[in-house]
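> predicted structure and sequence below. I'll ask about it afterward.
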Amino acid sequence: MPRPQILLVEEFYFAKKEWDDLACIADILVCDSPNRESFIQDCASKYNNITCIYSSWRSAEITGVIDEELISKMPRSLRFIAHNGAGYDQIDVSACSKAGIMVSHTPGAVSRATADTAIFLILGCLRNFPQGEYNLRKGSWRSETSVEIGNDPNGKTLGILGMGGIGRSLAERARIFGMNVIYHNRQKISWTNNARPLAEYVSFEKLLAKSDVLSLNLPLNSNTRHIISSLEISKMKRGGIIVNTARGGVLDTVALIEALESGHLKSIGLDVFEEEPHIPRQLVENPRVLLLPHMGTYTIEAQYDMEKLVIENLERAVEQARLITVVPEQKGQQEHIMTKRRY
């Protein structure tokens with residue numbers, strides 16, 4: 001009986017030993033298709049017996065979005081897509097489910113590094129550090145007219161929109177700095193393993209109204225695109241701060257710039273953008289904006305943990321026809337989904 005085949009549409013850079021071990025239970029194919037058109041053609045030939053695909057955000061440079069069109073061209077043997085990343089907006093999960101393809105992602109592996117990044121942005125915006133750096137790079141020192149005096153995090157209210165693994169890690173860190181933490185989520189969290197809740201659950205409206213700092217920590221999908229726009233920003237405190245380490249599309253960039261220029265927002269900290277790597281000039285040139293080039297998980301430790309979890313998902317897929325960290329849209333539906341697509 002032929003061994004399962006795994007198609008690698010991205011390299012492994014950190015968990016190389018674990019990846020080599022995976023070759024003991026499956027045949028590894030390396031994608032050499034230069035673009036989407038070639039990839040589709042190759043799915044009918046050299047990739048026509050694959051069981052699993054390993055993808056990441058870089059894979060889209062070859063395949064484009066894994067949408068209904070692409071899925072319809074993939075071999076019927078494909079059962080699993082193991083994606084490297086907590087966010088998976090490059091994959092149409094609904095189309096995958098209809099085709100009987102299960103999808104995994106790497107939520108827990110990114111929590112610590114992304115939460116650390118959010119804390120960096122929060123502290124920088126509260127203390128007006130971007131203004132100070134902006135002055136220094138121009139050859140000027142701090143003065144009362146060039147750098148506004150900042151605020152301590154202690155006693156400020158942090159509102160977290162999306163209390164998944166990253167949100168929880170952020171809440172833990174924010175409490176160390178003396179911040180009051182509130183959150184809004186699709187469902188209220190049960191804090192059974194904590195002496196007291198990490199954060200207070202509030203309505204979306206109250207989250208906007210009470211937050212001194214609003215942190216976005218939710219996935220990007222059709223329901224969350226531009227979840228924060230002009231109307232939502234207008235409901236925030238004047239002088240508030242927004243930090244985004246989730247996906248650029250959850251935040252309306254035009255509305256954000258308008259609120260910053262009008263003074264309604266004091267400062268913003270961004271690690272993600274709507275049209276990466278393009279960043280609007282109004283953000284780049286504004287000294288009240290703290291910018292990072294999508295570095296939330298850009299650490300050796302986080303990258304290793306992410307790759308390792310992808311490999312564990314692939315191992316489970318090959319050996320047990322299951323995934324460990326199934327995307328939320330497919331949780332509890334594996335048996336139903338898997339009956340839709342057969343070898």
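Ah, there it is.

> where along this structure do the helices fall?
16-22, 36-43, 60-63, 68-73, 93-98, 111-126, 129-137, 165-176, 204-210, 230-234, 253-262, 281-284, 300-320, 334-338 (DSSP state H).

> show me the one of those helices that comes nearest I28.
helix 16-22 (7.1 Å; CB to CB). In short, each C-beta sits where N, CA and C put it, glycine included.

> and the helices of the chain, which is most packed in?
Ranked by mean neighbour count, these are led by helix 111-126 with a mean of 23 (mean count of other CB atoms under 10 Å).

> packing partners of it?
Applying 3 or more CB pairs under 8 Å, 6 or more residues apart in numbering; DSSP states H and E, we find helix 111-126 packed against helix 165-176, strand 213-216, strand 240-244, strand 265-270, strand 289-291, helix 300-320.

> closest one to D92 among these?
helix 300-320 (18.9 Å).

> what bits of this structure have low per-residue confidence?
Applying pLDDT under 70 to the chain picks out residues 1, 192-195, 341-343.

> residue closest to the middle of it?
Nearest to the mean C-alpha position of the chain, by CA atoms, centre = their mean, lies G87 at 3.9 Å.

> need the contact list for that one.
57, 105, 219-220, 246-247 (CB atoms under 8 Å, 6 or more residues apart in numbering).

> repeat for A209
With contact set as CB under 8 Å, 6+ apart, A209 has these partners: 235-237.

> list buried residues within those.
236-237 (16 or more other CB atoms under 10 Å).

> in TSV: the contacts of A209, plus distance to A82.
Shown next, in TSV, are those (distance: CB to CB, whole Å):
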residue	distance to A82
K235	40
M236	38
K237	42
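
> pick the one among the contacts of A209 closest to S215.
The shortest approach to S215 among the contacts of A209 belongs to M236, at 12.5 Å (CB to CB).

> hmm, D212 and that closest one touching each other?
No. Contact criterion CB atoms under 8 Å: M236 and D212 do not qualify, at 9.2 Å.

> okay, and the common contacts of the two?
Common neighbours of M236 and D212 (CB under 8 Å, 6+ apart) do not exist.

> the nearest residue to K156 once chain neighbours are set aside: how many residues sit nearby?
Excluding its sequence neighbours, the residue lying closest to K156 (CB to CB, 6 or more residues apart in numbering) is D212, at 4.3 Å. Neighbour count for D212, taken as other CB atoms under 10 Å: 21.

> isn't D212 right up against I241?
Yes. Assessed by CB under 8 Å, D212 is found in contact with I241 at 6.8 Å.

> before we move on, back to that, among the helices and strands packed on helix 111-126, which comes closest to A99?
The nearest among the helices and strands packed on helix 111-126, by CB to CB, is helix 300-320 at 15.6 Å.

> packing partners for the closest one?
helix 16-22, strand 52-56, strand 80-84, strand 102-104, helix 111-126.

> please consider this matter closed, and thank you.
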